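Chemist: pasting a predicted model and its sequence here:
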Amino acid sequence: MANKNPFTNTLEQLKKAADLINLDPDTHAILKVPYRTFQFSIPVKMDDNSWKVFEGYRVQYNNDRGPYKGGIRFHPQANIDEVKALAALMTWKTAVVNIPLGGGKGGIKVDPKKLSEGELERLSRGYVRAAKDFIGPDIDIPAPDVNTNPTIMGWMADEYSKLVGRPTPGVVTGKPLALGGSQGREAATGLGGFYLLQEVIKKLKINPKKARVVIQGFGNVGYHFSRFAHKEGYKIIAVSDSRGNIFDKRGRGLDPKHIINTKEGKGLASGCYCIGTVCDCENYTRVSDKKLLEMPCDILVPAALENQITKENAGRIKAKVILELANGPVTSEADEKLHKKGIVVVPDILANSGGVTVSYFEWLQNIKNEYWTEKEVDKKLREIVTTAFNDVWKNKEKYDTDLRMASYVVAIQRVAEALQAKGYK
């Protein structure tokens, strides 16, 4: 069965929240449509001297609370509907944590693994040349997303600075430290998710020392989240990446640093658990991707791609809490089933907001020409996401709803207030 259009899914969530709070229909109509949508061609000279044209996107969804903000993903399945959905989610994400930014998103339809480093750099710089007139530190501030990283952001910042004739580090965030990046940015999404999980388990009275965690996706976000969770005593019983997974049959818990060492050595999260050169393949094994999502656990962390938990498998999910570190891993139909089962879903617009929060910190540091310590960044991050969680929880109780709807309510009300303050009423 084909997955639903991701933008349709996003609009359904918006409508549910709008109905819940009796949002003014005119305001709802404005919030349903992105302000600007760009689709452009990026010609790139390949290493064999041939030219290839790539398709690029940038969606600027809403800037009523501040400049557009959102990542750029390089993925072979990238398309305009996906980017529109992610741009809308960024609008709600910046609003729910109450930072003065709007929402945008970008992408290029490409498999970056098939490009050399030189081709990747030329593609990245080509994106900036195509987008130059509608991005900038006061207009739209891109950042890393799927298959993009600080190196790519450094190329993009450098290209934009050359085009405008002056150093402009604030045009993108997620840059290397040497080019104006922020301390703590690499771990921010995982750390923010961990801080939010700590708040959830307090409400649900779950003992972290006894909590079993399953993580789908062991890239930057999944790894850093697992690092903080492991340190706090959570038992990580299964981890997967795009090429494999590992399950601890005894439930004693995996150490993320040993898994990352295996991944870096073999290119995947192996079914064997290796500490140095000693590997245990008897008590640790692989399971199917389907079984990994459906195994009994306390915390399930989808940290990969969209539409992983659907109406087809929602009834078989056995977690107590789902922490959405990926964007859109649970469909709206699945949400309803999970809510009826009493499973608490911490939605993406709240759960993975640590990344954009520290991106905001990076942007502020660039504009003010300041540099903050990692300790300062982490302290400010914890304050912001904890305050956001408490705002969401109050609305969850006020409207007798789930955390997703409560997050949307908080976000939509804030964007609506900005709209109305500008005279849209």
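Modeler: It's in.
Chemist: pop the domain breakdown of the chain in here.
Modeler: Here the domain assignment for the chain is 33-175, 188-351, based on automatic domain parsing.
Chemist: comparing those domains, which yields the minimum mean pLDDT?
Modeler: With a mean of 90, domain 188-351 has the lowest mean pLDDT of the domains of the chain.
Chemist: where do the helices sit along this protein?
Modeler: Under the criterion DSSP state H, the chain contains helices at 6-20, 25-31, 80-96, 117-131, 150-164, 188-204, 220-232, 256-266, 289-294, 332-340, 348-351, 354-368, 374-399, 403-421.
Chemist: now the angle between helix 403-421 and the third one, please.
Modeler: This points to helix 80-96. Angle of helix 80-96 versus helix 403-421, following axes from the mean of the first three to the mean of the last three CA atoms, to 10 degrees, is 80 degrees.
Chemist: can you name the residues that contact the residue nearest to residue 18 when sequence neighbours are not counted?
Modeler: Nearest non-adjacent residue to residue 18, counting by CB to CB, 6 or more residues apart in numbering: residue 28, 4.7 Å away. For the C-beta atoms, the positions are set from N, CA and C on the backbone; glycine is no exception. Neighbour list for residue 28: 14, 15, 18 [criterion: CB atoms under 8 Å, 6 or more residues apart in numbering].
Chemist: surely the last one and residue 412 touch.
Modeler: Yes - the criterion here is CB atoms under 8 Å, and residue 18 meets it with residue 412 at 6.7 Å.
Chemist: related to what we said a few turns ago, format the helices of the chain as TSV; extra columns: distance to residue 242.
Modeler: Shown next, in TSV, are those (distance: least, CB to CB, whole Å):
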stretch	distance to residue 242
helix 6-20	19
helix 25-31	34
helix 80-96	17
helix 117-131	18
helix 150-164	19
helix 188-204	17
helix 220-232	11
helix 256-266	11
helix 289-294	10
helix 332-340	21
helix 348-351	19
helix 354-368	20
helix 374-399	27
helix 403-421	26
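Chemist: what's the closest of those helices to residue 301?
Modeler: Nearest to residue 301 among those is helix 220-232 (6.4 Å), distances taken as CB to CB.
Chemist: on that earlier part again, deepest in the core, which of the helices of the chain is it.
Modeler: Of all these, helix 348-351 has the most neighbours on average by mean count of other CB atoms under 10 Å, namely a mean of 30.
Chemist: what does it rub up against?
Modeler: 89, 92-93, 96-97, 192-193, 196, 323-329, 385, 388-389, 392, 403-404, 407-408, 411.
Chemist: at 7 Å instead, please
Modeler: 89, 92-93, 96, 193, 196, 323-328, 388-389, 392, 403, 407, 411 (CB atoms under 7 Å, 6 or more residues apart in numbering).
Chemist: so what's the residue count around residue 57?
Modeler: By other CB atoms under 10 Å, the residues close to residue 57 number 25.
Chemist: quick check: it vs residue 73, distance?
Modeler: From residue 57 across to residue 73, the span is 9 Å (CB to CB, to the nearest Å).
Chemist: now do residue 89
Modeler: 13 Å.
Chemist: who touches both of the two?
Modeler: The contact sets of residue 89 and residue 73 do not overlap (CB under 7 Å, 6+ apart).
Chemist: before we move on, the earlier item: so for residue 110, which of the helices of the chain sits nearest?
Modeler: The nearest among the helices of the chain, by CB to CB, is helix 117-131 at 6.7 Å.
Chemist: now that closest one against helix 150-164, angle please.
Modeler: 50 degrees.
Chemist: show me what helix 117-131 is packed against.
Modeler: strand 36-45, strand 51-62, helix 150-164 (3 or more CB pairs under 7 Å, 6 or more residues apart in numbering; DSSP states H and E).
Chemist: direction included, what does the shortest one pair against?
Modeler: On the basis of DSSP bridges, the sheet neighbours of strand 36-45 come out as strand 51-62 (antiparallel).
Chemist: would you mind listing the buried residues in the strand it pairs with?
Modeler: Within strand 51-62, the residues that count as buried by 16 or more other CB atoms under 10 Å are 54, 56, 57, 58, 59, 60, 61, 62.
Chemist: what inclination does that strand have with respect to helix 6-20?
Modeler: Using the same axes, to 10 degrees: strand 51-62 against helix 6-20 is 0 degrees.
Chemist: format the CA atom coordinates belonging to strand 51-62 as PDB.
Modeler: In PDB, the C-alpha atoms belonging to strand 51-62 read as follows (Å, rounded to 0.1, in the frame of the first residue of the first chain):
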ATOM      1  CA  TRP A  51      26.800  17.700 -16.700                       C
ATOM      2  CA  LYS A  52      23.900  16.500 -14.600                       C
ATOM      3  CA  VAL A  53      20.900  18.500 -13.600                       C
ATOM      4  CA  PHE A  54      19.500  17.900 -10.100                       C
ATOM      5  CA  GLU A  55      16.100  19.000  -8.800                       C
ATOM      6  CA  GLY A  56      16.100  21.300  -5.800                       C
ATOM      7  CA  TYR A  57      13.300  22.600  -3.500                       C
ATOM      8  CA  ARG A  58      12.800  25.300  -0.800                       C
ATOM      9  CA  VAL A  59       9.400  25.800   0.900                       C
ATOM     10  CA  GLN A  60       8.900  28.900   3.000                       C
ATOM     11  CA  TYR A  61       5.900  28.000   5.000                       C
ATOM     12  CA  ASN A  62       5.300  30.800   7.500                       C
END
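Chemist: for the remainder of this discussion, apply numbering that starts at 493.
Modeler: That works, and once the first residue is 493, the last one we named lands at strand 543-554.
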